[in-house]
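Enquirer: here is a sequence together with a model predicted from it:
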Amino acid sequence: HAKKSGRNRYDWFEPKMERELRLRADLENGILAGIARGEFVPFYEQQVDVETGELTGFEMLARWQSPRLGLVTPDRFIPVAEELGVIAELSESVISQALRDARDWDPRLTLAVNISPVQMRDPWFAQRLLKFLAEARFPAERLEIEITEMCLNENIGLVRSMVTSLKNQGVKISLDDFGVGYATLAQLRALPFDRIKIDRQFIGRLSRAEDTANVISTIASIGQGMNLPVTAEGIETESLRDSLRRIGTFKGQGYFYGKPETAEQVRNRLKSEARLAADTAANDTPAS
Ligand code: C2E
Ligand code: MG
Ligand code: MG
Ligand code: MG
């Protein structure tokens, strides 16, 4: 008699499991349709020199502009896209857009992109990335790829050969989310990394847990010893920024500096900063 009471009534009695399956199927269909319709777009988060505050580049973070769900963050769609086998397609479409956006920025600014372990299992990944770079006429030296220790688990030989061919063209490689997993010194040596990124959960603990400063300072000296610059992510406050300045030399990113923005917002930001710099230069010129 549930059916007789109308659709809402029926939904109410629908078993939890069935409802979850239906939501999951909706999400999967939405993602597949979203890829076809170009709903996945790059957002950009500023990366700065913590000491000087100078902007050094941006990390691209994918967003899904879903007509039904609004702006969706990657934790919700990346794992599903991986399971559906469409992560490469999704990722490559946002990376291609990002390369074209970043080409118009100041040439000193770098672009960092995140690569899923699933993508690193594909032996043609490196070749395709190099092809995208060429098509976008974007200099390989300005591109950094961020991978996590998950990429080091399986088929390290394949990962190493792809990383080598990317590095031979000038692409940099960062170890993302360092400090939360099981990454060890041995893993830092497993690939020729150019940078370590300390995970944001870890940076957040700086203000709460005493020993965190010691750990971060240890990572900073490991980085120094291995000639690996270190980025701290998730810097949300001025006081975290100040703590990091006391500990060592870092690049940084986080809401204190800026939240992820659209390509257009970045373009406007860079334009107004350039204008500001020009004005300052003009004012500094001694009057004749
Ligand atoms: P991630 O690479 O470690 O990126 C940092 C995440 O922390 C981003 O979340 C960013 O928005 C967030 N974040 C940065 N600063 C702060 C802060 O100060 N406070 C707080 N609360 N959060 C901050 P987002 O954009 O949701 O991305 C989550 C993860 O999804 C990324 O972690 C990355 O692993 C993955 N991801 C993002 N875009 C892509 C992509 O295009 N491809 C792949 N494979 N993974 C992606
Ligand atoms: Mg990252
Ligand atoms: Mg990270
Ligand atoms: Mg992360």
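Expert: That came in fine, so what should we check first? All values reported here derive from a predicted model rather than from experimental measurement. Ligands and ions are numbered 1, 2, ... in the order given.

Enquirer: next, the buried residues of whatever helix or strand Ser161 lives in.
Expert: Using DSSP states H and E, Ser161 sits within helix 156-168. Neighbour counts over helix 156-168 (16 or more other CB atoms under 10 Å) mark Val159, Met162, Val163, Leu166, Lys167 as buried. C-beta here means a position set from N, CA and C on the backbone, and glycine is covered the same way.

Enquirer: cool, stretch 117-136 as well?
Expert: Buried, per 16+ other CB under 10 Å, within stretch 117-136: Pro117, Val118, Gln119, Met120, Phe125, Ala126, Leu129, Leu130, Phe132, Leu133, Ala136.

Enquirer: go on, stretch 177-195?
Expert: Using 16+ other CB under 10 Å as the test for burial, stretch 177-195 gives Asp177, Phe178, Gly179, Ala183, Gln187, Leu188, Ala190, Leu191, Phe193, Asp194, Arg195.

Enquirer: of those, which belong to helices?
Expert: Judged by DSSP state H, those include Gln187, Leu188, Ala190 as members of helices.

Enquirer: so where do the strands sit in the chain?
Expert: Assigned by DSSP state E, the strands in the chain fall at 40-49, 55-66, 70-72, 110-114, 143-147, 172-178, 195-198, 230-233, 251-253, 261-262.

Enquirer: switch these over to a markdown table; also include mean pLDDT.
Expert: Compiled in a markdown table, those are given as follows (pLDDT from 0 to 100):
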| stretch | mean pLDDT |
| --- | --- |
| strand 40-49 | 98 |
| strand 55-66 | 98 |
| strand 70-72 | 98 |
| strand 110-114 | 98 |
| strand 143-147 | 98 |
| strand 172-178 | 95 |
| strand 195-198 | 96 |
| strand 230-233 | 97 |
| strand 251-253 | 98 |
| strand 261-262 | 98 |
